[in-house]
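[1] Sequence first, then the predicted structure:
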Amino acid sequence: MAPGDRDVATVSKDGRSLSPTIEGVKTRSTVNHVDHRGSVFEIFEGDMSFWGTPIVYAYQFSVRPHQMKGWGLHEEKTDRYTLISGEVLLFLWDDRPESPTRGVVQKLVLSDRAVRQVIIPTGVWHLSLNLESDEARLINFPTEVYHHDAPDRILLAWDSPDVPIDLAALLPRF
């Protein structure tokens, strides 16, 4: 027998992820239209079944190469991210007291080759890590406008002892 660890399946035979998921987190891969001139992908095509509530506000944000943003959560609004460029490893942690998935950690890769959109429910902690050597760009369509006088955002340091995740052990080694 060869030394080492046995590989563990990460997807089912039909391509579904075997990783735990958090109640209320929704993901979607967009259709890319590619031809000799370039490409197009539809961010919002008028179908509210994915978005749930109307789009009321939007902003673009970025994560510099090999940097992270988070931990953060919102008490009132839901984040709805669309990846524009780059590749981001998104960590989600459910600490909502009444949630059936409380304590679950979900890890997603946002990429133009896979999941490109994610809905992060109110009360779910999230942290974004740029995996690439170029700046990653995303658009957020939160369910509420930003309130400059009273921001709806709670923050924790990435290595906070309050987070029950050994994030350093999960991070890729660059």
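    Alright, I've got the coordinates.

[2] Let's see the pLDDT reported for the closest residue to residue 168 other than its chain neighbours.
    Once flanking residues are discounted, residue 168 sits nearest to residue 159: 6.9 Å by Cβ to Cβ, 6 or more residues apart in numbering. Using the backbone N, CA and C atoms, a C-beta is placed for each residue, glycine as well. With respect to pLDDT, residue 159 scores 87.

[3] Equivalent analysis for the one 5 residues further on, please.
    Model confidence at residue 164, given as pLDDT, is 84.

[4] And residue 46, by the same measure?
    pLDDT, residue 46: 86.

[5] can you pull up the bridge partners for the residue nearest the centre of the chain?
    Nearest to the mean C-alpha position of the chain, by Cα atoms, centre = their mean, lies residue 90 at 4.1 Å. On the basis of DSSP bridges, residue 90 is bridged to residue 108, residue 128.

[6] and if you look at residue 26?
    Assigned bridge partners for residue 26, using DSSP bridges, are residue 119.

[7] which residues does the residue nearest to the centre of the chain contact?
    Residues in contact with residue 90 (Cβ atoms under 8 Å, 6 or more residues apart in numbering) are 81, 107, 108, 109, 110, 118, 126, 127, 128, 129.

[8] Give me the buried subset of those residues.
    81, 108, 110, 118, 126, 127, 128, 129 (16 or more other Cβ atoms under 10 Å).

[9] Distance of the last one relative to residue 159?
    Yep, that's residue 129 we're talking about. 13 Å (Cβ to Cβ, to the nearest Å).

[10] same thing with the first one?
    Relative to residue 159, residue 81 is positioned 23 Å away (criterion: Cβ to Cβ).

[11] what do you get for the second one?
    Remark: distance between residue 108 and residue 159 (Cβ to Cβ) = 20 Å.

[12] I'd like the contacts of residue 90 laid out as JSON lines, including distance to residue 6.
    JSON lines is the format used below for the contacts of residue 90 (distance: Cβ to Cβ, whole Å):
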{"residue": "81", "distance to residue 6": "34"}
{"residue": "107", "distance to residue 6": "20"}
{"residue": "108", "distance to residue 6": "25"}
{"residue": "109", "distance to residue 6": "23"}
{"residue": "110", "distance to residue 6": "29"}
{"residue": "118", "distance to residue 6": "31"}
{"residue": "126", "distance to residue 6": "31"}
{"residue": "127", "distance to residue 6": "29"}
{"residue": "128", "distance to residue 6": "31"}
{"residue": "129", "distance to residue 6": "27"}
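
[13] which among those gets closest to residue 37?
    residue 110 (25.3 Å; Cβ to Cβ).

[14] Is the closest one in a helix, a strand, or coil?
    For residue 110, the assignment made with DSSP: H, G, I helix; E, B strand; the rest coil gives strand.
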